[in-house]
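1. below: sequence and its predicted model.
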Amino acid sequence: MGHCFSLPSSSSEIHEDNEHGDGNAVVFNGLEFGLDHDLPVHRLGSVCSIQGTKVLNQDHAVLYLGYGTRDSELCGVFDGHGKNGHMVSKMVRNRLPSVLLALKEEQNQESNVCEEEANKWENACFTAFRLIDRELNLQVFDCSFSGSTGVVAITQGDDLVIANLGDSRAVLGTTTEDGEIRAVQLTSDLTPNVPTSSSVAGEAERIRMCKGRVFAMKAEPCNQRVWLPNQDIPGLAMSRAFGNFRLKEHGVIAVPEISQHRITSNDRFLVLATDGVWDMLSNDEVVSLIWSSGKKQAEAAKLVAEAAEAAWKKKLKSTKIDDITVICLFLQNKEQPSCTMHT
């Protein structure tokens with residue numbers, strides 16, 4: 001049976017005139033969802049987006065503090081690709097939070113649904129990603145070979161739910177018994193390179209079964225890409241994404257990989273970032289950089305973004321720098337509403 005659902009109107013989506021945003025990275029608090037602005041106590045977070053050497057920054061990001069309820073947060077980073085990738089990532093960033101929240105509230109109102117909150121968020125994510133992809137197919141701008149990654153993290157109390165498409169990534173910074181910080185990768189990079197023995201096996205196999213082709217270019221022998229059956233286009237570097245509708249019939253899907261995690265007292269912070277960070281810095285380097293910054297939580301995202309930018313410049317002599325976007329959410333420290341965003 002199909003899912004009956006009325007999409008929230010555009011009045012509930014994100015707009016770039018938000019006082020805490022610049023159009024690419026925005027921060028909201030519970031006031032936007034009708035909560036008492038004096039009551040919510042939320043975790044601390046920061047966002048930073050740096051444009052690379054492209055004409056436009058195709059990354060978009062959102063950090064919601066007090067997302068629907070005063071003990072919830074939502075983080076999302078979206079990395080566009082293709083001619084209209086910047087419009088795809090912007091539309092997904094603007095619409096997904098409101099659609100996702102409406103789906104979650106719909107489940108709360110169904111008396112026959114007696115599930116854990118994390119499971120409700122997981123169900124909402126599956127449906128929301130599908131609905132947003134369907135909306136994209138109706139846009140006036142062409143999404144045939146344009147699309148976006150998406151990694152979204154939702155916290156509600158100590159529950160953490162991660163939904164992921166593509167090669168943006170979520171990493172947890174957690175302490176060991178010895179007090180050392182270590183990185184725990186919470187998502188898989190969903191590309192054709194995913195080994196068939198992993199928990200998300202079959203990315204390349206799924207594409208080939210749908211008559212898509214998977215192979216690497218001579219200049220990048222280690223990076224498998226997705227191509228049409230009879231044309232050497234577009235060479236998509238990921239196996240799951242929003243948009244890219246010419247490849248949807250050839251195995252590229254908008255079905256997210258979803259995982260749950262129970263936040264403990266050892267879990268210090270969560271980092272979401274586009275591949276402009278992970279192509280230059282390892283998980284351990286990012287986590288160590290944030291940990292070594294001490295109490296400077298408001299500067300954490302900027303610190304990581306600037307380190308990635310410096311690595312790009314050093315490695316490629318500024319000839320190519322990818323767009324870089326980072327969200328850092330600290331999981332233990334809480335305070336009254338405030339918003340931090342750097343560009």
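-> That came through, no problem. A quick note: this is a predicted structure, and the numbers were derived from the prediction, not measured. Numbering: from 1, shown residues only.
2. can you give me the strands for the stretch 201-343 of the chain?
-> 213-216, 224-227, 234-236, 242-243, 257-262, 267-273, 324-335, 341-342 (DSSP state E, counting those that start in this stretch).
3. those: which one's closest to Thr127?
-> In terms of Cβ to Cβ, the element of the strands of the stretch 201-343 of the chain nearest to Thr127 is strand 257-262, at 11.5 Å. In this view, the C-beta of every residue, glycine as well, is placed from N, C-alpha and C.
4. hang on, the earlier thing: deepest-packed of the strands of the stretch 201-343 of the chain, please.
-> Across the strands of the stretch 201-343 of the chain, averaging neighbours per residue (mean count of other Cβ atoms under 10 Å) puts strand 242-243 on top, at a mean of 30.
5. mind listing what that strand pairs with, with the direction of each?
-> strand 147-148 (antiparallel) (DSSP bridges).
6. so for the partner strand, mean pLDDT?
-> In this model, strand 147-148 has a mean pLDDT of 98.
7. hang on, Glu105 in a strand?
-> No. Assessed with DSSP: H, G, I helix; E, B strand; the rest coil, Glu105 is helix; it does not lie in a strand.
8. wait, what's in contact with it?
-> Gly68 (Cβ atoms under 8 Å, 6 or more residues apart in numbering).
9. that one and Ser98, how far apart?
-> 11 Å (Cβ to Cβ, to the nearest Å).
10. let's see the helix or strand encompassing Asn164 as CSV, backbone CA atoms only.
-> Per DSSP states H and E, Asn164 falls inside strand 159-165. Extracted in CSV, the C-alpha atoms of strand 159-165 (Å, rounded to 0.1, in the frame of the first residue of the first chain):
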residue,chain,number,x,y,z
ASP,A,159,19.4,8.6,20.5
LEU,A,160,21.4,9.3,17.3
VAL,A,161,20.1,8.4,13.9
ILE,A,162,22.2,8.8,10.8
ALA,A,163,20.9,8.7,7.2
ASN,A,164,23.4,8.8,4.3
LEU,A,165,23.5,9.0,0.5
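11. which stretches in the stretch 1-150 of the chain count as strands?
-> Using DSSP E, counting those that start in this stretch, strands in the stretch 1-150 of the chain cover 25-29, 42-50, 59-65, 72-81, 147-148, 150-156.
12. tell me what the residue nearest to the spatial centre of the chain is bridged to.
-> For the chain, Val151 is the residue whose C-alpha lies nearest the centre (Cα atoms, centre = their mean; 2.2 Å). In this entry, Val151 is beta-bridged to Val77, Asn164, by DSSP bridges.
13. ditto for Ala216
-> Beta bridges link Ala216 to Gln224 when assigned by DSSP bridges.
14. which parts of the protein are helices?
-> Listed in chain order, the helices of the chain (DSSP state H) span 85-109, 117-136, 203-209, 245-248, 275-278, 283-292, 300-316.
15. what mean pLDDT does the first one get?
-> Per-residue pLDDT values across helix 85-109 average out to 94.
16. nearest to Gly147, of the strands of the stretch 201-343 of the chain?
-> Between Gly147 and those, the shortest separation by Cβ to Cβ is 3.0 Å, and it involves strand 242-243.
17. orientation of the strand holding Asn164 relative to strand 72-81 in degrees?
-> Going by axes from the mean of the first three to the mean of the last three Cα atoms, to 10 degrees, strand 159-165 is angled at 10 degrees with respect to strand 72-81.
18. got the contact list for strand 159-165?
-> Against strand 159-165 from outside (Cβ under 8 Å, 6+ apart): 116-118, 121-122, 125-126, 129, 149-155, 170, 186-188, 190, 238, 240-242, 254-263, 270.
19. just the buried members of those?
-> For the contacts of strand 159-165, a neighbour count by 16 or more other Cβ atoms under 10 Å gives the buried set as 117-118, 121-122, 125, 129, 149-155, 170, 186-188, 190, 238, 240-242, 254, 256-259, 261, 263, 270.
20. hmm, back to that, which of the strands of the stretch 1-150 of the chain is buried the deepest?
-> Buried most deeply of these, by mean count of other Cβ under 10 Å, is strand 147-148, with a mean of 35.
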